[in-house]
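[1] Dropping a prediction and its sequence here:
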Amino acid sequence: MEYRVEDHVVLPTVDYRAGRVTIIDQTLLPAEESLIRLSTLAQVAEAIRTLRVRGAPAIGITAAYGMLLELENLLASLVVDPPGYFFDRNEGMGSFPGGGLETARIRKTLAEARTVLARTRPTAVNLFWALDRMSRTVKGGGRDPVALCGAIASCAFAIHEEELRIEFALSGNGADLLRDGMTVLTHCNAGGLATAGYGTALGVIYRAVEQGKRIAVYADETRPLLQGARLTAWELMKRGIDVTVLCDGAAASLCASGKIDAVIVGADRIAGNGDTANKIGTLTLAVLCGRFGIPFYVAAPWSTFDVSIGTGKEIPIEERDASEVGSFSGSPTVPEGAVIYNPAFDVTPASLITAIITERGVITRPSAAKIAAELSNPGDGPPPQGG
């Protein structure tokens, strides 16, 4: 299932092939490794909402491809004898008759598609970053409908390619923080399954291992949906990296034992002052790190920063269905009628974060001033975008 880009192993987490969005169905892992093809906008929205595809960068790429898929289906409806497909990430855009194609209709259709996709997950800023970037291309793509279609496809494919390159750069910056023989604790899944295929928090570990460093990993199971147990452990084992899975509640005693040298997590949104939203349970680890003197690192691309908000108090926190907590494998685990609190994310204050690892470099002891200074620096990558 994996493929290689340069010297890096990449997962086909999300892609656009032969006119369809393809994803690894993460709800089936680790029991079944299955690539599924999504042929409608509704299917893409459902895949994001139900966590068939998840992780902030992967959600952003999928959303961009969802808009492209809606364009694909619009073109197919306008052509009397359509080809098998119009767009493919490897091949780009195929040729098609321009008759009956109007820029106004393209723009209206994709504006409606953006609205549908924006309703799927409220916390991950990459979703809105990708949708906004696609929408700007739709609006500014000129009057020629064929050229506009090409620009839209190019934008979607660029979002995917740039994200993968960002992950390689970010992981290289973060690997410098890991020494040979270290043991790292992580939470949820911030590997290839959550991104363009390589990873952010796990990408740092992958790069360190590629450099010849011996790294052992503890992975929180990450209740209630077990992304650490199901997904992170699966990724690490496929790469032959030493991994031990633990219940979330065991993290405190593990950190107290002195066995953990660093904690690395991903992020779904980072406020202008460095406050970071990530999977529920992340804040617990940050507090533990502060108590026991363990470095706490966040690894995330610049597209995860949302400088339109000042602090983490402004980050919307998604609350998911009570059934995720109230049952397990189809059997009830909570008495009927009991109230269930099921936030998908929590917010870690910047004061608890040792450093944020980005593709531009490492921001130690993040603050509003440091992030603003980096924002004013053109750097090598895209600046943070508001959600």
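    Arrived safely, thanks for sending.
[2] contact partners of the helix or strand harbouring T22?
    In the assignment (DSSP states H and E), T22 maps to strand 20-24. For strand 20-24, contacts defined as CB atoms under 8 Å, 6 or more residues apart in numbering pick out 1, 11-16, 33-39, 44, 47, 52-53, 62, 65-66, 69, 85, 193. Heads up, the C-betas are built off the backbone N, CA and C, glycines and all.
[3] So which of these sit within helices?
    Those of the contacts of strand 20-24 mapping onto helices are 44, 47, 62, 65-66, 69, per DSSP state H.
[4] As CSV, those residues with neighbour count would be great.
    CSV is the format used below for those (neighbours: other CB atoms under 10 Å):
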residue, neighbour count
V44, 29
A47, 24
T62, 31
Y65, 30
G66, 30
L69, 24
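[5] now, among those, which is nearest to G312?
    G312 lies nearest to T62 out of those, by CB to CB, at 25.0 Å.
[6] Next, work out how far apart that closest one and G181 are.
    T62 is 37 Å from G181, where distance means CB to CB, to the nearest Å.
[7] And W302, by the same measure?
    Distance from W302 to G181, by CB to CB: 31 Å.
[8] I371 too?
    I371 is 32 Å from G181, by CB to CB.
[9] ok, these two, which is more surrounded?
    Taking neighbours as other CB atoms under 10 Å, I371 and G181 compare with I371 leading, 23 against 10.
[10] helix/strand/coil for that one?
    Put simply, I371 is helix when judged by DSSP: H, G, I helix; E, B strand; the rest coil.
[11] Now do the contacts for it.
    Listed by CB under 8 Å, 6+ apart, the contact set of I371 reads 272-274, 305, 307, 363, 384.
[12] And it, how far from W129?
    16 Å.
[13] Run through the helices of this protein in chain order.
    Listed in chain order, the helices of the chain (DSSP H) span 41-49, 56-78, 103-118, 125-140, 145-175, 201-210, 227, 233-238, 251-256, 282-292, 323-326, 368-376.
[14] Let me have those in CSV, extended by mean pLDDT.
    Converted to CSV, the helices of the chain look like this (pLDDT from 0 to 100):
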stretch, mean pLDDT
helix 41-49, 98
helix 56-78, 95
helix 103-118, 97
helix 125-140, 95
helix 145-175, 96
helix 201-210, 98
helix 227, 97
helix 233-238, 97
helix 251-256, 98
helix 282-292, 98
helix 323-326, 95
helix 368-376, 92
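[15] what comes into contact with stretch 65-74?
    Stretch 65-74 is contacted by residues 14-16, 19-21, 38-41, 44-45, 48, 85-87, 105-106, 109-110, 113-114, 117, 131, 134, 138, 149, 152-153, 156, 160 when judged by CB under 8 Å, 6+ apart.
[16] Just the buried residues out of the residues you listed, in ChimeraX syntax.
    Here is the ChimeraX selection string for the buried members of the contacts of stretch 65-74, based on 16 or more other CB atoms under 10 Å:
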select :14,15,16,19,20,21,38,41,44,45,48,85,86,87,106,109,110,113,114,117,131,134,138,149,152,153,156,160
